[in-house]
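Peer 1: test case, fold it:
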Amino acid sequence: INGGDGVQLTKRKNDQQDAGEPNVSPDGRYLYFSEDVTPGPNFEYSKDPNGTIYAIRQLDLTTGKLTTLINEQGGACRPQVSPDGNLIAFVKRVRLKSTLYVQNIKTGEEWPVNEELSHDQQETWAIFGVYPNFAWMPDSKSLVFYAKGKIRKTEIGTLINSTIPFQANTVQTVQQALHFEQQVFSNDFSAKMLRQLTTSPDAKTIVFNAAGYLYKQELPNGAPERLTNGTDFEFEPSFSPDGKFVIYTSWSDELRGAIKRTDLKSGKTITLSDEKGFYYSPQYSTKGDKIVFRKGSGNDVLGYNYGRGTGIFVMAANGGAKSLVSENGIKPSFNNTDTRIYFQSYADGKKALKSIDLNGANERTHFTSQYANQFVVSPDNKYVAFSELFNVYITPMINVGVAQDASAGNKAIPVTKVTTDGGTYIQWSNDSKNLHWTLGPKYFTIDVNGAFNFDGTTPKTQATSIDINLKLKSDVPNGIVALKGARIISMKGDEVIENGTILTDGNKITAIGKADAVTIPANAKVIDVNGKTIMPGIVDVHAHLRTSPDGISPQSDWSYLANLAFGVTTSHDPSSNTEMVFSQSEMLKAGRMIGPRVYSTGSILYGADGDFKVVINSLDDALAHLKRLKAVGAFSVKSYNQPRREQRQQILEAARQLKMEVVPEGGSTFFHNMNMVTDGHTGIEHSIPVLPVYKDVTTLWNNTDVGYTPTLIVAYGGQWGENYWYDRTNVWENEKLMTYTPRSIIDARARRRTTSEYSDYNHIDIAKATKQIADGGTKVNLGAHGQIQGLGAHWELWMFVQGGFSPLQAIRNATLNGASYLGMNKEIGSLEVGKLADLVIMDANPLDDIRNSEKIKYVMINGRLYDSATMNEIGNRDKLRGKLWFENAKGNGYIVPNGESETWTYTVPHCD
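Peer 2: Below you'll find the model as predicted:
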């Protein structure tokens, strides 16, 4: 009590299995606690409480002996020893009921004393305790506990229950929630996610990827222009040593990938690779007579055909046959004598910079790192630049036969940080005197000698930067379309227009109303939608799309098509691969891909450990990370399990200054959720795990502008909603879903399904609690979490109705509320004159039966009309869509993704 750091009594088994709720016996000899005793170690979200999840353990503080005291069906948690030391009270689950039990410690005899407790937290995780604390009365004859909104007392002998009256009047200080208006559409836009920039040997020209294609620009003030006029996507450019050629990788969904070379002067392009495949990171040798590259295996976005024979290869500069150097490793480059290949790999569980002879012999490890993600050796081989936790560092190449630690904290060798708000796509000047990198559209350069302060007195050089101003034209269709004769659920209040007509011109709604009140121009393309129902496009504010993990974007992304075919016209992904999601967002804006409008937080602001963690100990830390993400296109960030409230508040203040939204991970942590509400987060992502809710929660929440996205499909605290639809419907028979999703994904989840009683599905009670919160004025949004692309949004919509929302209220959650949450309600979310033409046309009325929402005939995004069954464009032009990889392939094989990236900017975390 008087000091010290404390004595650790138990060891945590892993990140998944909690041990907590400690209680010491009256004589001080024994420590009792609850522990998750499921197999572990991976996170599980819907553990079965009919088995054993938690057990009560007894630690003898005299001998150190650890005993499992109570381990039984229904689990056991929140142990409380009676003052006389004879009895222990605990909570266990009996089917659907959390029940208060008492056990005689000596004999093991136990009996229930109250079966009307609130729902315990065994089924997900409970780092703050599985059930609220309770206590014995001093005479060991009764217990006082919380249950269902009341403080209660139970006599354990007579089982007489009573309520202890309690009222607290509190005053809470709340911050204004972060909401900022966003511009959805403009005629053109500035590309922000510039990728893979490379500088010519004479430092006069740069080439970079933007929105799927390569652009070249003369420095310092030239105008960017396409490197080629090809239709294949283009990635990872690299100059030849003489500066005459640029090599790069290309991608076509039909023809697959290749390595190509373009003559910078003539524009002539030839293919160098000898077979189709997945190609990455081509680099010339120092002499320019060879090229080294990585051949990869594919993924669930690009497919897997032609993914055999992976590794690092070398071929002649003019192309042709290749020779294998190493079966593993990425990001290869030649050393300065062209005798060895540097590459990135692993060593002893850490990231590593290695080198190997061209014949695959004499592998050496030069650097290892816990957190570094990119190693780039200078052309003279004297330095290595590396990125660690989003910042760029330089350190000398030390060759002493032992691998060095590449980290900011290494005191053995000089290490200097050269970035302020982060940096990506590290590259050296040809003479090794300068280091370049980019952050969004800014191109940075620093003098390497000036970056170090070797004598302790010379001020360190600061990086200089130039802006790369690439303007891209937004995709807009031509012509007028009239949708005539439909029922229109406009989301303008409760308005429903029977026999209505909508006119669109380009990408905007120009008229809407009763059919006899709307004049259709003679040059309009008229679509007869008599008997159908139109509603605004669905806004999924918590979507996780299958964004490509490794640097190559498909021309047609099956997850994008699936979402759009099911009427999702706007997706906000609060955890994604930063470079890929913002790049593909710009590709969608420019009309180079088909899909919803895609927005994202990029990578999460992760508060735990990993090479993507975000360390925030000050407002300046928070500002740096938010600036980093805003630079590449983010208007929102996801605060994810930052452990201290002050850290979350620093993120909020940084966001307030930068006019960004903060959508935090709910994390099944009720107390965090409540202070997230009071501190002014934009909303709460994922369901609060405690239910039902009472006046304390609803009154607090309803007096803020904090939104709520419960993601019922993965609702915390019990069996989640996704499983319900596998149980109750034949998902694999949904033709539209199977058209746009690899069959093996659906079959693996849906065909050998498990079944449960209706009342075992916890998402229904979560939906009811969500309705309680919504009834007080809090705006509820739809978030389908990417569980099943497209169809999942409808499951979420239907589950709102299971919880008591009317179909109209549920549709509002799915449209206008989501648009408001994202700050886009002036342009999308309802069907009104002047708004963007994002809408869904259904064959049946969802107001009669919400399940009709998936019966979609057409979908319109930004004025372009698509047949939902084929995703071919109709309207004012007929255009067939490109085939998906599993339609091009002769087979429909699917490999479980391994999470590895072929280009490796940093690990992409999964959203829990």
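Peer 1: correct me if wrong, but residue 563 is in a helix.
Peer 2: Yes: per DSSP: H, G, I helix; E, B strand; the rest coil, residue 563 lies within a helix segment.
Peer 1: what's the nearest residue to it if we skip its chain neighbours?
Peer 2: Distances taken as Cβ to Cβ, 6 or more residues apart in numbering put residue 790 closest to residue 563, at 4.6 Å, once the chain neighbours are dropped. Just so you know, the C-beta spots here come from the backbone N, C-alpha and C atoms, and that holds for glycine as well.
Peer 1: distance check, the one you found against residue 211.
Peer 2: Applying Cβ to Cβ, to the nearest Å, the value for residue 790 to residue 211 is 24 Å.
Peer 1: higher neighbour count, these two?
Peer 2: For residue 790 versus residue 211, neighbours defined as other Cβ atoms under 10 Å are more numerous around residue 790 (30 against 26).
Peer 1: confidence score at the more buried one?
Peer 2: You'll see residue 790 listed with a pLDDT of 98.
Peer 1: surely residue 624 and residue 422 touch.
Peer 2: Yes: counting by Cβ atoms under 8 Å, residue 624 does reach residue 422; the two are 6.9 Å apart.
Peer 1: what's around residue 209, how many residues?
Peer 2: Neighbours of residue 209 (other Cβ under 10 Å): 27.
Peer 1: with residue 778 instead?
Peer 2: The burial count for residue 778: 22, using other Cβ under 10 Å.
Peer 1: what do you get for residue 216?
Peer 2: Considering only other Cβ under 10 Å, residue 216 is surrounded by 19 other residues.
Peer 1: spit out the contact partners of it.
Peer 2: Going by Cβ atoms under 8 Å, 6 or more residues apart in numbering, residue 216 touches 205, 206, 207, 224, 225, 226, 227, 246, 264.
Peer 1: which residues does the third one bridge with?
Peer 2: Beta-bridge pairing for residue 207 (DSSP bridges): residue 198, residue 216.
Peer 1: quick one: the helices in the stretch 701-850 of the chain, in order.
Peer 2: 721-728, 735-740, 743-750, 763-775, 791-802, 807-814, 816-821 (DSSP state H, counting those that start in this stretch).
Peer 1: columns mean neighbour count and distance to residue 452 on top of those helices, output as a markdown table?
Peer 2: Converted to a markdown table, the helices of the stretch 701-850 of the chain look like this (neighbours: other Cβ atoms under 10 Å; distance: least, Cβ to Cβ, whole Å):
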| stretch | mean neighbour count | distance to residue 452 |
| --- | --- | --- |
| helix 721-728 | 21 | 54 |
| helix 735-740 | 18 | 53 |
| helix 743-750 | 16 | 51 |
| helix 763-775 | 22 | 56 |
| helix 791-802 | 26 | 52 |
| helix 807-814 | 24 | 55 |
| helix 816-821 | 26 | 47 |
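Peer 1: of all the ones you listed, which one is nearest residue 160?
Peer 2: helix 763-775 (28.5 Å; Cβ to Cβ).
Peer 1: show me what the closest one is packed against.
Peer 2: helix 695-702, strand 707-709, helix 791-802 (3 or more Cβ pairs under 8 Å, 6 or more residues apart in numbering; DSSP states H and E).
Peer 1: packing partners of the first one?
Peer 2: I take that to be helix 695-702. Right, helix 695-702 is packed against helix 670-679, helix 763-775 by 3+ Cβ pairs under 8 Å, 6+ apart.
Peer 1: try the longest one
Peer 2: The contact analysis (3+ Cβ pairs under 8 Å, 6+ apart) places helix 791-802 against strand 538-540, helix 721-728, helix 763-775, helix 807-814.
Peer 1: quick one: which of the helices and strands packed on helix 695-702 is nearest residue 361?
Peer 2: Comparing the helices and strands packed on helix 695-702 by Cβ to Cβ, helix 670-679 comes nearest, at 53.6 Å.
Peer 1: what residues of the closest one count as buried?
Peer 2: 670, 672, 673, 674, 676, 677, 678, 679 (16 or more other Cβ atoms under 10 Å).
Peer 1: so what's the gap between the next helix or strand after that helix and the chain middle?
Peer 2: Downstream of helix 670-679, the first helix or strand assigned by DSSP states H and E is strand 683-685. On the basis of Cα atoms, centre = their mean, to the nearest Å, strand 683-685 sits 14 Å off its chain's mean C-alpha point.
Peer 1: repeat that for stretch 777-796.
Peer 2: 15 Å.
Peer 1: ok so, going back, turn the helices and strands packed on helix 791-802 into JSON lines, including distance to residue 65 and mean pLDDT.
Peer 2: Formatted as JSON lines, the helices and strands packed on helix 791-802 follow (distance: least, Cβ to Cβ, whole Å; pLDDT from 0 to 100):
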{"stretch": "strand 538-540", "distance to residue 65": "53", "mean pLDDT": "99"}
{"stretch": "helix 721-728", "distance to residue 65": "41", "mean pLDDT": "97"}
{"stretch": "helix 763-775", "distance to residue 65": "41", "mean pLDDT": "97"}
{"stretch": "helix 807-814", "distance to residue 65": "54", "mean pLDDT": "99"}
